[in-house]
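Visitor: any chance you can model this:
(chains A and B, ligands or ions: 3)
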Amino acid sequence: MIRMTAEPLLSIRDLSVRFRLPEGEAVAVDGVSLDLMPGEVLGIVGESGSGKSQILYAMMGLLASNGRAGGQVRFQGQDLLSLPPRALDRVRGQSLSMIFQDPMTSLNPFMRVGDQLAETLRVHQGLSRDAAWKAAVAMLDRVRIPDAASRARRYPHEFSGGMRQRVMIAMALLAKPRLLLADEPTTALDVTIQAQVLDLMAELARETGTSIILVTHDLGVVARLCDRVVVLYGGRVMEEARTETLFDNAAHPYTRGLLAAMPRLEAPLTPRLGTIPGTPRSGGGDVSGCPFAPRCPDRIDICTKARPPMRITGEGRRAACHLVEEAQ
Amino acid sequence: MIRFVVKRLWNGALTLAALVTLTFFVMRLAPGGPFSKNRKLSPEVIANIEATYHLDEPLWMQFGRFVWGLLRLDLGPSTRFRDYSVGDIIASGLPYSLTIGFWAVIVATTVGIALGVAGALRRNGFTDYAAGTIGVIGIAIPIFVIGPVMQAVFALKLSWVPVGGWNDGWRSLILPVIVLSLPNIAYISRLTRTSMIETMRENYVRTARAKGIGEWRTIWRHTLKGTLLPVIAYLGPATAAIITGSILIETIFALPGIGRHFVDAALNRDYPLVMGITLLYGGLLILFNIATDLVRAWLDPRLRHDG
Ligand SMILES: Nc1ncnc2c1ncn2[C@@H]1O[C@H](COP(=O)(O)OP(=O)(O)OP(=O)(O)O)[C@@H](O)[C@H]1O
Ligand code: SF4
Ligand SMILES: [Mg+2]
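Guide: Residues are numbered from 1 along each chain as shown, chains lettered A, B, ... in the order given. Ligands and ions are numbered 1, 2, ... in the order given. Got it, this is the predicted structure:
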């Protein structure tokens, strides 16, 4: 669907995530498809509740117990959604790893930081205690934890938020995965260190040839790091384009709204989404028309009645909006 | 860590001192004296008795004498069983209470934790329902009902175990231990189950899953400590309570433990004995709380630095 030159590393087809709730079913992700090439950095942007995290959790087999994923996630020739637990465990932490939204609670408070890193290598690569520990310390050093050898013996509560997220990055990249899923890795951090941590992550991933899916609601982050962007709203893909194209010439009214809400002169890392008038909807589901219709300034009659089809609008570009024309 | 231990011990000592003071004065302020229940005595006899037990001295001197005695582990004579010292009475009952209490703690902890973990891992499975049922029985039905019912069934009807007393070796232990541990099994299993389910929802457990280290390792290495911390917090005071013997259990099964002396002593205003038992219970409580704190600090590095 995107560039047909090489075999994609990851292909998601028609992914859906549904949650069983006492009052019925909630659809958090609704028919999402996307491809990722080796070495590529793909951004997924969208307001809070648009389903960004659930896409990643579905891929990792980490959905809450009331959640079910549908569709296909092809990664290295396997469909992750239909893998039995043991087979999935050979992929997770080895060739596919994840960094979570909240570094303060994502590390085990009862375990030495070095042990948490070493554990991955011991289980996946069968390294000895010593060898795994050495590799862990080396990796902590690479994410610029000062005095890594002695810090490895410390517990997470003895690290600052930024340091913990570095530890998470070290842990995720330790086994040199093919794909790193980064779920808003810096939103919880102090603004002054966000860029630093992101750059470090991107730099290390480049060195190991790791592709990244970077979830964020910060367009500045996208501009800085991503090759390509998928814009998500109400659990559906609204638009996809190369980063420059998206910033220069967005096709979708929602994307244009996001860009307009982004202050131009300020440092690119500070602005956040969410200044489009109206309440963002969370969960797509049974919307018959366009999920963005209630807030869309360009809305026409058909928007609330028919679901806008996904149209290819150019080289590697697509958008789901009734106003957008198919490329010739 | 050493500072932490010293600090906990020091706090424990202070609490014990407060307990000693409080018990002493509360007992002395209670209306009536140890001998006011007996038939009318002549003033000379009363004066005599009061002199024997130093009740004629000013309060602060009695307190000083009491503390001095305590430091030498001498709790003085019982006012009711005149030929025995409080120490003797406690020493005679304690081994029985301790034996039953020890086994009840072991049974309650192992069975309770095992049931709780099994229930959390297989929610709504068979074990979960079984544990839930035991929980309801153990918490809702009081000991003085369960005890006699068990005696009727297992001792009188089936004759598997003795009805009571302490003459059949380990077989005398079975019923009291089961009955004493039952409410605790119920409580501990429910606590463990809730705590484990909560822990499994923690972000760091999700991180462990994401590492692909396998379900078993995730549970063993990443959820067990978080699960056990609240359980251990409960075990401290519970152990002190179980070990000092349950008054009801000792009465139902006619056991010669210290629990029974306590009621007796209180009813007869046997100050020294009441204070002795109170201090024993308080001391154990403080001791087990310290032990609990130390175990928790050993498990949780975040607790080690707050002192
Ligand atoms: N266990 C659950 N049960 C029901 N609904 C859920 C559950 N988990 C998530 N959801 C819903 O799924 C939707 C998408 O959530 P998701 O976490 O993917 O949002 P997000 O885009 O990552 O937002 P944020 O930027 O706040 O992290 C939300 O509406 C959320 O309420
Ligand atoms: S389909 Fe209609 S409502 Fe939706 S974004 Fe396009 S114009 Fe707006
Ligand atoms: Mg999220």
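
Visitor: what residue lies at the spatial centre of chain B?
Guide: Central residue of chain B (Cα atoms, centre = their mean): B:Ala241, 1.4 Å from the mean position.

Visitor: which SSE is that residue in?
Guide: Element membership for B:Ala241 (DSSP states H and E) is helix B:224-243.

Visitor: buried ones in that helix, by neighbour count?
Guide: Residues of helix B:224-243 classed as buried: B:224-236, B:238-243 (neighbour count, 16 or more other Cβ atoms under 10 Å in any protein chain shown). For glycine as for every other residue, the C-beta is placed from the backbone atoms N, C-alpha and C.

Visitor: what packs against the longest helix along chain A?
Guide: Using DSSP state H, we find that the single longest helix of chain A is helix A:191-208. The contact analysis (3 or more Cβ pairs under 8 Å, 6 or more residues apart in numbering or on different chains; DSSP states H and E) places helix A:191-208 against helix A:161-173, strand A:179-183, strand A:211-216, helix A:219-225.

Visitor: ligand 2 is nearest to which of the ones you listed?
Guide: helix A:219-225 (17.9 Å; Cβ to the nearest ligand atom).

Visitor: who does A:Arg92 form a beta bridge with?
Guide: Going by DSSP bridges, A:Arg92 is paired in beta bridges with A:Leu96.

Visitor: ok now the host helix or strand of B:Phe102, how far from the chain's centre?
Guide: Element membership of B:Phe102 [criterion: DSSP H and E] is helix B:86-121. What separates the centre of helix B:86-121 from the centre of its chain is 8 Å, taken as Cα atoms, centre = their mean, to the nearest Å.

Visitor: what packs against it?
Guide: helix B:126-140, helix B:170-200, helix B:224-243, helix B:247-252, helix B:258-267, helix B:271-299.

Visitor: okay, the angle between that helix and helix B:271-299?
Guide: Helix B:86-121 runs at 40 degrees relative to helix B:271-299, counting by axes from the mean of the first three to the mean of the last three Cα atoms, to 10 degrees.

Visitor: distance check, the residue nearest to the centre of chain B against B:Thr251.
Guide: B:Ala241 is 16 Å from B:Thr251, where distance means Cβ to Cβ, to the nearest Å.

Visitor: and for the longest helix of chain A, what are the contacting residues?
Guide: A:39, A:41, A:99, A:142-144, A:162, A:165-166, A:169, A:173, A:176-177, A:180, A:182, A:185-186, A:189, A:210-212, A:221, A:224-225, A:269-270 (Cβ atoms under 8 Å, 6 or more residues apart in numbering or on different chains).

Visitor: show me what from the stretch 151-300 of chain B comes close to chain A.
Guide: B:202-215, B:217, B:221-222, B:225-226, B:299-300 (Cβ under 8 Å from any Cβ of the partner chain).

Visitor: buried ones among these?
Guide: The neighbour count (16+ other Cβ under 10 Å) marks B:202-214, B:217, B:221-222, B:225-226, B:300 as buried among those.

Visitor: name the residues of the helix or strand where A:Thr245 lies that are buried.
Guide: Using DSSP H and E, A:Thr245 sits in helix A:243-248. Buried residues in helix A:243-248, counted by 16+ other Cβ under 10 Å: A:Thr243, A:Thr245, A:Leu246, A:Phe247.

Visitor: make CSV out of those and add pLDDT.
Guide: Formatted as CSV, the buried residues of helix A:243-248 follow (pLDDT from 0 to 100):
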residue, pLDDT
A:Thr243, 95
A:Thr245, 93
A:Leu246, 94
A:Phe247, 93
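
Visitor: how many neighbours does the closest residue to B:Met1 other than its chain neighbours have?
Guide: Computed as Cβ to Cβ, 6 or more residues apart in numbering or on different chains, the closest residue to B:Met1 that is not its neighbour in sequence is B:Arg304, at 5.9 Å. As a burial measure, B:Arg304 scores 14 neighbours (other Cβ atoms under 10 Å in any protein chain shown).
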